[in-house]
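# attaching a predicted model along with its sequence, questions to come.
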Amino acid sequence: QGSRLFHLEDTIVKTAHSEIGGRHFTMMAGPCSVESAEHVMKMAAVAKRGGATVLRGGAFKPRTSPYSFQGLGEDGLRYLRAAADAYDLDVLTEVMDQDHVDMIARYTDIFQIGARNMQNFSLLKAVGKTRIPVMLKRGMSATIDDILNAAEYIAAGGNHQIMITERGIRTFDNQYTRNTLDVGAVPVLQKLTHYPVIVDPSHAAGHTEFVTPEALAGVAVGASGLVVEIHDDPAHAFSDGAQALKPDEYLEMARQAFAIRNTL
Ligand code: PEP
Ligand code: MN
């Protein structure tokens, strides 16, 4: 179980290139969507330069509109895997459908369960049967107990390699930010659960100019890592361009994030 009542020590999520949680701090970066073999390779190089050990990228995208780009599917997974391998990075990619778990397992080091699927219990049970680490993102209207209970659906299957990710929740105002980063949830979650708590400032902020300050706030409150979206040409990104950090912006954000972490 995820509660500190049953297990006091921090869970360390272990992958080929990362140890996540405890005294470790992990940078995860990459494009919102895998766009092409060449593009994701370029983004992997940038991610690595900023100190990331995990390359993110969506091949199956949970888009608000069915007419928006839905991802490259298995081809995207191949490109993502090749880019990660070229730079000794772990792959983090979203699984949206329980029928895709076995196929995506052949390519990824970490499953992402997106905010929209946080309470998709059959999907949670399906990844719980694997022994592949899972990054569970907080639903936009989920309480802290909701996400902790969702994590239990994964753990109940015997998979205890779980990360909890705060990515912003819905509050009154979505005019200036996309969601509201619940920074207070980070220490609360860390008190309640031994799973690593990660902050995603990109989907919280929704606009590039606010991503870095929200990222640094996440580090300051003690997050075990950051997951951020990067793009070299945000205006032409297939998804979430408005919140992508350009390579230089990402490198500077990462420098500051590691610096703040080192003072904690
Ligand atoms: C994503 O990581 O690109 C994504 C869709 O995130 P979320 O599920 O938090 O909206
Ligand atoms: Mn995105």
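Arrived safely. Numbers count the residues shown, from 1 in each chain. Ligands and ions are numbered 1, 2, ... in the order given.
# tell me the secondary structure at the closest residue to Arg106 other than its chain neighbours.
Distances taken as Cβ to Cβ, 6 or more residues apart in numbering put Leu77 closest to Arg106, at 8.0 Å, once the chain neighbours are dropped. Every residue, glycine included, has its C-beta placed from N, CA and C. On the three-state scheme (DSSP: H, G, I helix; E, B strand; the rest coil), Leu77 is labelled helix.
# so Leu77 touches Ile104, yeah?
Yes. Counting by Cβ atoms under 8 Å, Leu77 does reach Ile104; the two are 6.5 Å apart.
# overlap of the contact sets of those two?
Thr93 (Cβ atoms under 8 Å, 6 or more residues apart in numbering).
# what pLDDT does His72 get?
His isn't right for residue 72; it's Leu. We have a pLDDT of 98 for Leu72.
# how close does it get to Asp99?
Separation of Leu72 from Asp99 (Cβ to Cβ, to the nearest Å): 18 Å.
# cool, and Asp85?
Asp85 is 26 Å from Asp99, by Cβ to Cβ.
# returning to that earlier point: and the residue nearest to Arg106, what pLDDT?
Reported pLDDT for Leu77: 98.
# mind listing what it touches?
Contacts of Leu77 (Cβ under 8 Å, 6+ apart): 34, 59, 93, 104, 106-108.
# need the max-distance pair from these.
Val34 and Arg106 (15.4 Å; Cβ to Cβ).
# more neighbours: these two, which one.
Val34 (30 against 10; other Cβ atoms under 10 Å).
# and the residue of the stretch 101-250 of the chain closest to ligand 1?
Gly114 (2.9 Å; Cβ to the nearest ligand atom).
# next one, pLDDT for that residue please.
At Gly114, the pLDDT recorded in the model is 98.
# how about the residues of this structure that lie near ligand 2?
Contact residues (Cβ under 5 Å from the ion) of the chain with ligand 2: 32, 240.
# and the residue of the stretch 101-250 of the chain nearest ligand 2?
Distances between the stretch 101-250 of the chain and ligand 2 by Cβ to the ion are smallest at Asp240, namely 3.7 Å.
# can you give me the helices in the stretch 51-200 of the chain?
Taking DSSP state H, counting those that start in this stretch, the helices of the stretch 51-200 of the chain run over residues 74-86, 101-105, 121-128, 144-155, 185-192.
# for the stretch 151-264 of the chain, what lies in contact range of ligand 1?
With the criterion set to Cβ under 6 Å from any ligand atom, the stretch 151-264 of the chain comes near ligand 1 through 167, 203.
# got any ranges where the stretch 151-264 of the chain has weak pLDDT?
For the stretch 151-264 of the chain, no stretch is flagged by pLDDT under 70.
# need the contact list for the residue of the stretch 51-200 of the chain found nearest ligand 2.
Nearest residue of the stretch 51-200 of the chain to ligand 2, counting by Cβ to the ion: Gly58, 6.6 Å away. Neighbour list for Gly58: 32-34, 71, 76, 93-94, 112, 239 [criterion: Cβ under 8 Å, 6+ apart].
# which one (most neighbours) among these?
Going by other Cβ under 10 Å, Val34 tops these with 30 neighbours.
# does it touch Leu80 like I think?
Yes. Using Cβ under 8 Å, Val34 is in contact with Leu80, at 5.0 Å.
# center of the chain - which residue?
Val227 (4.7 Å; Cα atoms, centre = their mean).
# now that one, nearest residue through space, not along the chain?
Using Cβ to Cβ, 6+ apart, the nearest residue to Val227 is Met28, at 4.2 Å.
# and that neighbour, how far from Ile147?
Taken as Cβ to Cβ, the span from Met28 to Ile147 is 18 Å.
# can you check Arg138 too?
In terms of Cβ to Cβ, Arg138 sits 5 Å off from Ile147.
# check Pro234 too.
Taken as Cβ to Cβ, the span from Pro234 to Ile147 is 29 Å.
# can you pick out the residue with more neighbours from those two?
A side-by-side neighbour count of Pro234 and Ile147, using other Cβ under 10 Å, places Ile147 first with 24 against 19.
# tell me the contacts of the more buried one?
Counted by Cβ under 8 Å, 6+ apart, Ile147 has contacts 118, 136, 138-139, 164, 189.
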